[in-house]
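*Asks:* Predicted structure and sequence below. I'll ask about it afterward.
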Amino acid sequence: MSHKYGKCSLCETAVYRLNSKFCGSCWDVNRPKKNREGFWHCSQCGVEFPLTDQHFHKNAHADNGFGSKCKPCVREYNTAYYRKRKAENGGVPPYRHKAREYSLRHAYGLTPEDVPKNCQVCGSTKKICVDHCHETGRLRGFLCDACNKSAGLLQDDANLLRALADYLEK
């Protein structure tokens, strides 16, 4: 049994094709059979557009040099695909965890298991970052995003931090 993906924008019947705005009957009847010179029909929504890079993405492998879907349909498809992958991945955007693993391994020789769960300054468990010295590149420790940004905004200067602490204690 196929899954229902939405309703046809013309006759309101169920649509069983992923990312299609028309049911099979309406698509067959309303699908343009021939493109006018300099125009192209989007393969998804069926709307006719001028064949320019304003309406279609370039595709060197296509006969006409452009993709078959209009830019709004491509954007809609990509957004739906991204949201689906994000939901499957527990709310984390696709490939984000792979990028973090790669940078930890190649920049610092660490694995995700080497990173502690808590910030070494405030104890927070939110978004733990690798803190390093910008002059030497030496790994200093692991801070939450807020502490890491604070250290960066204070230019990694302990004297500025002490001055700020004195100011706040007044």
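*Replies:* That came through, no problem.

*Asks:* which is the next helix or strand following the least confident helix or strand in the chain by mean pLDDT?
*Replies:* Counting by mean pLDDT, DSSP states H and E, the chain has its least confident helix or strand at helix 24-30, which shows a mean of 62. Proceeding N to C from helix 24-30, the next assigned helix or strand is strand 39-41, under DSSP states H and E.

*Asks:* Contacts only, for residue 147.
*Replies:* 119, 121, 122, 124 (CB atoms under 8 Å, 6 or more residues apart in numbering). Where you see a C-beta, it was placed from the backbone N, CA and C, and this is true even at glycine.

*Asks:* and the helix or strand encompassing residue 166, how far from the chain's centre?
*Replies:* Residue 166 is located in helix 158-169, with elements delineated by DSSP H and E. Centre-to-centre, helix 158-169 and its host chain are 39 Å apart (CA atoms, centre = their mean, to the nearest Å).

*Asks:* Over to stretch 47-66?
*Replies:* The chain centroid and the centroid of stretch 47-66 are separated by 24 Å under CA atoms, centre = their mean.

*Asks:* measure that stretch end to end?
*Replies:* The straight-line separation of the ends of stretch 47-66 (CA to CA, to the nearest Å) is 15 Å.

*Asks:* And for stretch 44-53?
*Replies:* So stretch 44-53: terminal residues 17 Å apart, CA to CA.

*Asks:* can you check stretch 106-118 too?
*Replies:* End-to-end distance (CA to CA), stretch 106-118: 22 Å.

*Asks:* Contacts for it, please.
*Replies:* By CB under 8 Å, 6+ apart, stretch 106-118 touches 100, 101, 104, 105, 124, 125, 128, 130, 132, 139, 142.

*Asks:* Which members of those are positioned in helices?
*Replies:* 100, 101 (DSSP state H).

*Asks:* Can you tell me which of the contacts of stretch 106-118 is nearest residue 154?
*Replies:* Residue 154 has its nearest neighbour among the contacts of stretch 106-118 in residue 132, at 15.5 Å by CB to CB.
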